[in-house]
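[1] Need the 3D shape of this:
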Amino acid sequence: MSALVFESFLSTPEILAVFSQRAVLQAMLDFEAALARAQSAEGVIPAAAGPAIAALCEVGLLDGDAIVAASGRAGSLAIPLVKKLTEAVAQRDAEAGGYVHWGSTSQDVIDTALVLLSRRALALLDRDLARLTDALFGLADRHGDAPVLARTLMQPAQVVSFGFKLVGWIAPLVRARRRLHAAGRAALQLQLGGAVGTLAVMGDKGPAVARRVADALGLAQAPGAWHTQRDEIVSLACEVGVLVGSLGKIARDLALLAQAEVGELAEPSGAGRGGSSAMPHKRNPVAAMVALASAQRVPQRIATLLAAMPQEHERGLGNWQAELAETAGLYIGAHGALKALADVAADLQVDAPRMLRNIDALQGLVFAEAASMQAAQHIGKARAHAWLERLSQETVKSGRHLRELTLESLAADPSLADAVDADEMRRLFDPAHAAQHAIGVARPQLAALREQARALEAPWGGYIPAG
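    Now for the predicted structure:
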């Protein structure tokens, strides 16, 4: 129970409902209902048997707790489910009870159920990816030109624009959404092969039955059974993992920028949000925390899925079962991270004056490269570098601004004053001027990314679970 509490804390009610016991069993029953109807329509089983079976494929009519309790001993959730369904159907129609799960196998029902659940999970991810990117575009519209420090190796580097930083957040999200669409379309396929994947029990009606089942469930019809061909389903999972990595990058940046010593960004505050049980002044970045927690856990889940791919012959032993358990956890963690960031992104508080103060606090040292390269055009790179290096060292020792020392040095040396324009040098120390190149780089990228995002469809919008 405690593990479930901690899982809920890092996830969302929506995605937990997608992989709830009730939802998993109902997805399996949806497969059984579609299979029975398709087989009746194709004459594989008696015409009356299909509707009779389908009528009992409601999770509320079966003892779900008993099914789950028996699954460990049976080695599969499908075995006790089919047994309970068969008993329920037989009580109403003895003949129909003999045709439950006809010609199918446990992996057919479980894999197809996993695909149906994954589609709902993808619908939630896609919705909130769109929300997050839209919110970040809004931040770029409002604050994109604000000068801000770029930091490399955790140290101040140069002045860029906040929009330039946002490009680094948005671009991977737009690409992730596009790749998830492609991977989802490839992976969301019906699994139906029977005992070893040949549909032998259904004879020449097997392909027609599979086509009807796929159509009924809104899934693609695979060329054949993919019982131990896990490349498509694991590729989709890997794309979810890459998305979580990109969310973790955003969360890491947000957490660092929200530190009180930096104070350039802050998550929205409100009653009960981000407080401390001991320190009244605290304002914790809880959305970033949730996303980072997911980014810590997801790589291990992906590693398990990849490790489970070498499956034995026509049915895996242990590896397929490990894959099932990790896949649910993957989606649960991914949606927790995504929704946490999507819920706060539009209301992130951007402190542009603090960004400027942080730039100014460095006494102009972040402009040393620009000043050196400007001077190099007139006095040579070696002399310019040595000049700015000496002035930078003096800035550190004296606590004075590099701009003032540079202008004083120019005025005191006629050879430098004749070669280097003082007004141009002064302009290089203006943060707004320094940010112009980054603005010029960021604006067209943001415009292109916005168009790419607008062009993306919502392929699973109709499968978002009702709230």
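[2] Run a quick neighbour tally on the closest residue to residue 35 other than its chain neighbours.
    On the basis of CB to CB, 6 or more residues apart in numbering, the spatially nearest residue to residue 35 that is not a chain neighbour turns out to be residue 213, at 5.5 Å. Bear in mind the C-beta positions are built from the backbone N, C-alpha and C, glycine included. Number of residues near residue 213 (other CB atoms under 10 Å) recorded here: 25.
[3] any idea how far residue 213 is from residue 221?
    Computed with CB to CB, to the nearest Å, the distance linking residue 213 and residue 221 is 8 Å.
[4] Could you do residue 205 as well?
    14 Å.
[5] Look at those two and report which has more neighbours.
    Each of residue 205 and residue 221 had its neighbours counted (other CB under 10 Å), and the higher figure belongs to residue 205 (18 against 15).
[6] thought the more buried one was touching residue 44?
    Yes. In this structure residue 205 lies within contact range of residue 44 using CB atoms under 8 Å: 5.1 Å.
[7] Now do the shared contacts for residue 213 and residue 221.
    Both residue 213 and residue 221 are contacted by residue 190, under the criterion CB atoms under 8 Å, 6 or more residues apart in numbering.
[8] Run a quick neighbour tally on the nearest residue to residue 103 once chain neighbours are set aside.
    Take residue 103 and drop its neighbours on the chain: the residue closest to it by CB to CB, 6+ apart is residue 201, 3.4 Å away. Look at residue 201: counted by other CB under 10 Å, it has 14 neighbours.
[9] Check residue 329 too.
    Residue neighbour count, defined by other CB under 10 Å, stands at 17 for residue 329.
[10] Tell me which residues touch it, please.
    Contacts were defined as CB under 8 Å, 6+ apart; by that measure residue 329 touches 297, 301.
[11] helix or strand for it, which one?
    Per DSSP states H and E, residue 329 falls inside helix 319-345.
[12] Just give the strands next to the helix or strand that that helix is followed by in its sheet, each with its orientation.
    Past helix 319-345, further along toward the C-terminus, the next helix or strand under DSSP H and E is strand 349-350. Using DSSP bridges, the strands paired with strand 349-350 are strand 265-266 (antiparallel).
[13] shaky segments in the stretch 151-300 of the chain?
    In the predicted model of the stretch 151-300 of the chain, residues 270-282 satisfy pLDDT under 70.
[14] show me where the stretch 351-467 of the chain has helices.
    Read by DSSP state H, counting those that start in this stretch, the stretch 351-467 of the chain holds these helices, from start to end of the chain: 352-360, 368-379, 381-398, 402-412, 414-419, 422-428, 431-434, 436-455.
[15] So which elements touch the second one?
    Using 3 or more CB pairs under 8 Å, 6 or more residues apart in numbering; DSSP states H and E as the contact test, the elements touching helix 368-379 are helix 381-398, helix 402-412, helix 414-419, helix 422-428.
[16] Which one of these lies nearest to residue 127?
    Taking CB to CB as the criterion, residue 127 comes closest to helix 422-428 out of the helices and strands packed on helix 368-379, the separation being 45.5 Å.
[17] Kindly export that closest one (C-alpha atoms) in CSV.
    C-alpha atoms of helix 422-428 as CSV (Å, rounded to 0.1, in the frame of the first residue of the first chain):
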residue,chain,number,x,y,z
ALA,A,422,35.5,53.5,-27.5
ASP,A,423,31.8,53.8,-28.2
GLU,A,424,31.7,50.4,-29.9
MET,A,425,33.6,48.9,-27.0
ARG,A,426,31.1,50.5,-24.5
ARG,A,427,28.2,49.0,-26.5
LEU,A,428,29.7,45.5,-26.2
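[18] Contacts only, for the spatially closest residue to residue 348 that is not a sequence neighbour.
    Spatial nearest neighbour of residue 348, chain neighbours left out: residue 265 (5.8 Å); criterion: CB to CB, 6+ apart. Contact criterion CB under 8 Å, 6+ apart gives 254, 257-258, 348-351 as the residues in contact with residue 265.
[19] Go again with 7 Å.
    For residue 265, the contacting residues are 254, 257-258, 348-350, by CB atoms under 7 Å, 6 or more residues apart in numbering.
[20] repeat for residue 433
    Counting by CB under 7 Å, 6+ apart, residue 433 makes contact with residue 427.
[21] Can you check the pLDDT for it?
    Here, the pLDDT recorded for residue 433 equals 96.
[22] about what we covered before: residue 15 is nearest to which of the helices and strands packed on helix 368-379?
    Proximity to residue 15, assessed across these by CB to CB, is greatest for helix 422-428 (50.3 Å).
[23] Okay, buried residues for that closest one please.
    425-426, 428 (16 or more other CB atoms under 10 Å).
[24] what's the answer for stretch 54-62, then?
    54-57, 59, 62.
[25] what sits up against that stretch?
    The list of residues contacting stretch 54-62 from outside it, by CB under 7 Å, 6+ apart, reads 22, 25-26, 29-30, 32-33, 36-37, 84-85, 88-89.
[26] need these in a markdown table with secondary structure and pLDDT, can you?
    Rendered in a markdown table, the data for the contacts of stretch 54-62 read as follows (DSSP: H, G, I helix; E, B strand; the rest coil; pLDDT from 0 to 100):
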| residue | secondary structure | pLDDT |
| --- | --- | --- |
| 22 | helix | 97 |
| 25 | helix | 98 |
| 26 | helix | 98 |
| 29 | helix | 98 |
| 30 | helix | 98 |
| 32 | helix | 98 |
| 33 | helix | 98 |
| 36 | helix | 98 |
| 37 | helix | 98 |
| 84 | helix | 97 |
| 85 | helix | 98 |
| 88 | helix | 97 |
| 89 | helix | 98 |
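[27] what angle sits between the helix or strand that contains residue 117 and helix 352-360?
    If you go by DSSP H and E, residue 117 is part of helix 106-143. An angle of 80 degrees separates the directions of helix 106-143 and helix 352-360 when computed by axes from the mean of the first three to the mean of the last three CA atoms, to 10 degrees.
[28] List the neighbouring strands of the helix or strand that helix 106-143 is followed by plus their orientation.
    The helix or strand immediately downstream of helix 106-143 is strand 147-152, counting by DSSP H and E. On the basis of DSSP bridges, the sheet neighbours of strand 147-152 come out as strand 155-161 (antiparallel).
[29] next one: the following helix or strand past the strand it pairs with to chain centre, how far?
    With elements assigned by DSSP H and E, the helix or strand that comes after strand 155-161 is helix 162-187. Helix 162-187 has its C-alpha centroid displaced from the chain centroid by 9 Å (CA atoms, centre = their mean, to the nearest Å).
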